[in-house]
Structure formats: structure tokens, C-alpha cells
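J.: My questions are about this predicted structure, shown below with the sequence.
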Amino acid sequence: MKIQFAMDTLTTEQALEWADAAAPHVDILELGTPLIKSAGLSAVTAIREAHPDKTVFADMKTMDAGELEADIAFSAGADLVTVLGSADDSTIAGAVAAATKHGKGIVVDLIGVADKVARAQQVVGLGAEFVEMHAGLDEQAQEGYSLEGLLEAGRAAGVPFSVAGGVKPASIGSVRDAGAQIAVAGGAIYSADDVGAAAQTLRDALSLTPVG
């Protein structure tokens, strides 16, 4: 299973600093939606140029104009681009068309989708590379939130999926055991005093946790 580092910052400079520290321990560098909105797609290009050996993930959360938005993100250097699962099928299909043109991939983010299992199966049928079982920061802050609901949906969907919703060293083994291809971690890494050490701790937790 791969580890994706979701960099939720507002400046390219901070993202580059975090990426440099975490890169030895993660597989995918994600530019969070606030970063792209604040700094623009030049941030994607900067991360691409600084880390040509990593998969660069642009969390566009596209809701309309799928082909256009995906095309500009891929042109900026992204390998993977997100479209929201609540978008119209035509928006997802358009983004997939752009991905095909560039030889890249579309990830459908299921944040806010009530029936994640059914929608996951639908969008993979439309050409999504995988889906993201995602609970956002606002949802995670609510009383009673648990990562288990995302893991259950991933297991039930039977399609390639990632998990984003508060992944930590204590839970990353469960994410792997649920069958996820990718564990997405944000705050568990960037909120630490030492970003590189936190990323290594997450990687070590994955390696040391028994399978099953």
C-alpha cells in the first residue's frame, strides 16, 4: 500500500518545505484544494519540478467543466486529479477524456456522497482510476466520527480505493487490511514538529503492523 501526503497549506513555499522533508517516506505528494485555490496551479508545477520521481496529486475537487479543469491540471504537471463523486457523470467522463489524452489518471473523491459503495462502482465504470473514500476535516471534527465507516465502504465497493479521513500510525494497518491501495495522511504528518520524522513514523507503522 502506498502513502499519500496531503499538504493542506496556503503557500507553495510551505508545500515545498514539507514535500522535501516527507518525500523519502511517502509515495504521493498531494496539493490540497486550499493550496491550489491560494497559490494556483503553479504550485503543482513547482512540486512536479522539485520531485520528478513522485506521483503528484492535484486535489482539484472539480464539480463542473471536468475536461477543461483536468486538462489544465495535467498540463501543469499533475499525475492524478480529483473530481467530486457528486458531479454529473458527464463531468467525470470529460475529466477521464483529459486523463486519457495525457496518459494520467482521474480519482473520484466521494466526500459528501451518501451511498459511497454504489457511487464508487458507478464512477470506476466511467473510467476513474480509483475512488477516494474521504471524510473531510469538518466531518472528522464532529462527535462520534470514526474511520471505520470509510473502511467498510471500501471493502464493500470492490473497486480500487484510497482512504482519507484522519489516517494515523495507529490506524494505517487497518486501512491496509481493508484493501486500500493508498492511505492518505495530512495532519498526522504536517502538524508534527518534525514533518520528516512524522512521515517516517507512519511508514514504519505500516511496515511493523502485522497483516490481518
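T.: Okay, I see it. Note that this is a predicted model, so its numbers are computed, not measured. Numbering: from 1, shown residues only.
J.: these two touch, right, residue 78 and residue 44?
T.: Yes: taking Cβ atoms under 8 Å as the definition, residue 78 is a contact partner of residue 44 at 5.3 Å. Any C-beta I mention is one placed from the backbone N, CA and C, and that applies to glycine too.
J.: which residues do the two both contact?
T.: 56, 58 (Cβ atoms under 8 Å, 6 or more residues apart in numbering).
J.: Skip the chain neighbours and tell me the closest residue to residue 166.
T.: In space, and not counting its chain neighbours, residue 166 is closest to residue 140: 5.0 Å by Cβ to Cβ, 6 or more residues apart in numbering.
J.: pLDDT score for the one you found?
T.: Here the pLDDT value assigned to residue 140 is 91.
J.: Summarise which helices and strands the lengthiest strand in the chain is packed against.
T.: Determined from DSSP state E, the single longest strand within the chain is strand 55-62. Strand 55-62 makes packing contacts with strand 28-31, helix 33-39, helix 42-50, helix 66-76, strand 80-84, strand 105-109 when contacts are defined by 3 or more Cβ pairs under 8 Å, 6 or more residues apart in numbering; DSSP states H and E.
J.: you'd agree residue 24 is up against residue 196?
T.: Yes: using Cβ under 8 Å, residue 24 is in contact with residue 196, at 7.2 Å.
J.: Compare those two (neighbour count), which wins?
T.: Comparing residue 24 with residue 196 by other Cβ atoms under 10 Å, the one with more neighbours is residue 196, at 16 against 10.
J.: mind listing what the more buried one touches?
T.: By Cβ under 8 Å, 6+ apart, residue 196 lies in contact with 21-22, 24-25.
J.: again, but for residue 111
T.: 61, 84-85, 132, 134-136, 139.
J.: now those in CSV, with distance to residue 172 and neighbour count?
T.: Converted to CSV, the contacts of residue 111 look like this (distance: Cβ to Cβ, whole Å; neighbours: other Cβ atoms under 10 Å):
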residue, distance to residue 172, neighbour count
61, 24, 19
84, 25, 21
85, 24, 22
132, 16, 28
134, 16, 27
135, 16, 21
136, 19, 14
139, 19, 14
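J.: Need the worst-confidence member of these.
T.: Among those, residue 136 has the weakest pLDDT, 90.
J.: Show me where this protein has its helices.
T.: Using DSSP state H, the helices assigned to the chain run over residues 12-22, 33-39, 42-50, 66-76, 89-102, 116-125, 137-140, 148-157, 172-177, 187-190, 195-208.
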